[in-house]
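Enquirer: Here is the input, now give the coordinates:
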Amino acid sequence: MKNPVSMNVAPALDKYTAGPLADLWKRPDLPLRDRCLITLAALIAKNQHIGLPSYLNMALENGVKPGEISETITHLAFYTGWTNAMSAIAAAREAFARHGVSPEQIPAASQPPLPLDEAAENRRAKNFSRQFGQIAPCLTRYTSNVIFRDLWRRPGLSPRDRSLISLSALIANGQNAQLPFHFERALHNGLSGAQIAESITHLAFYVGWPNALSALPILKQALETP
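Expert: Predicted coordinates for the structure are as follows:
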């Protein structure tokens, strides 16, 4: 994580990189694998692809499977925009080549989906349709049929990890209006409140303190809601 390029321009930045940032990655509150996923999601969300090659290598070396990286990029196309995801493909292709990733390690375009919690999805769809079905019926259908009945059910990435990268992308881009639903979903998908809080701590270094601090009151409310 040390960046010698900064030494003759911003030596204090080099000091913080070798100090607090390096220490962040050693904190036991989240495994390295999760920190890699969080960081990749943040970089893709912010379109900061200069950092992707090194962090893709780190991810592959710390337990993130090539197929999970592929699914992360696909998932984030819907949460950060198509062009951000497409821009990440070039860096991923190079990382896969360096690590000898074969086509068989990449999930197929179509796969048998994970089970669906019909009751929970019906509640979500009903609430969304009640709010926006009249003004944006097509977006309402895409949200149900493409996002929640298809994308979130792809088996190449667990629902827990999809929550992790979704939250990372939303916090990275300051999309706080979406956070209450996704905090609730993340807790349902197996992330603990402590893990989410540690994710926000990690993100502070990669998307800025204001974005991280703005997410904390929303998390606090989510954890205090029965």
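Enquirer: need the strands for this protein, in chain order.
Expert: Here the chain has no strands by DSSP state E.
Enquirer: Any idea which residue is closest to the centre of it?
Expert: Ile165 (1.6 Å; Cα atoms, centre = their mean).
Enquirer: gap between the closest residue to that residue other than its chain neighbours and Leu52?
Expert: In space, Ile165 comes closest to Ala41 once its chain neighbours are excluded; the distance is 3.9 Å by Cβ to Cβ, 6 or more residues apart in numbering. Quick note: C-beta positions are derived from backbone N, CA and C, even for glycine. To Leu52, Ala41 is 11 Å away according to Cβ to Cβ, to the nearest Å.
Enquirer: re earlier: doesn't Glu71 make contact with the residue nearest to Ile165?
Expert: No - using Cβ atoms under 8 Å, Ala41 makes no contact with Glu71, being 11.5 Å away.
Enquirer: which residues in this protein form helices?
Expert: Per DSSP state H, the chain carries helices over the ranges 11-16, 22-24, 32-45, 52-61, 66-80, 82-98, 118-132, 137-142, 159-172, 179-188, 193-207, 209-224.
Enquirer: To Leu151, which of these lies closest?
Expert: helix 66-80 (6.1 Å; Cβ to Cβ).
Enquirer: Next, the contact list for Ala59, please.
Expert: Arg33, Cys36, Leu37, Leu40, Ile69 (Cβ atoms under 8 Å, 6 or more residues apart in numbering).
Enquirer: Show me the shaky parts of the chain.
Expert: In the predicted model of the chain, residues 1-7 satisfy pLDDT under 70.
Enquirer: go again using 80 as the cut-off
Expert: In the predicted model, the chain carries pLDDT under 80 at residues 1-8.
Enquirer: Need the contacts of Ala59 in JSON lines (columns: neighbour count and distance to Ala91).
Expert: Listed next are the contacts of Ala59 as JSON lines, based on neighbours: other Cβ atoms under 10 Å; distance: Cβ to Cβ, whole Å:
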{"residue": "Arg33", "neighbour count": "15", "distance to Ala91": "19"}
{"residue": "Cys36", "neighbour count": "25", "distance to Ala91": "14"}
{"residue": "Leu37", "neighbour count": "26", "distance to Ala91": "15"}
{"residue": "Leu40", "neighbour count": "28", "distance to Ala91": "10"}
{"residue": "Ile69", "neighbour count": "25", "distance to Ala91": "10"}
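Enquirer: Since that was my last question, I'll sign off now.
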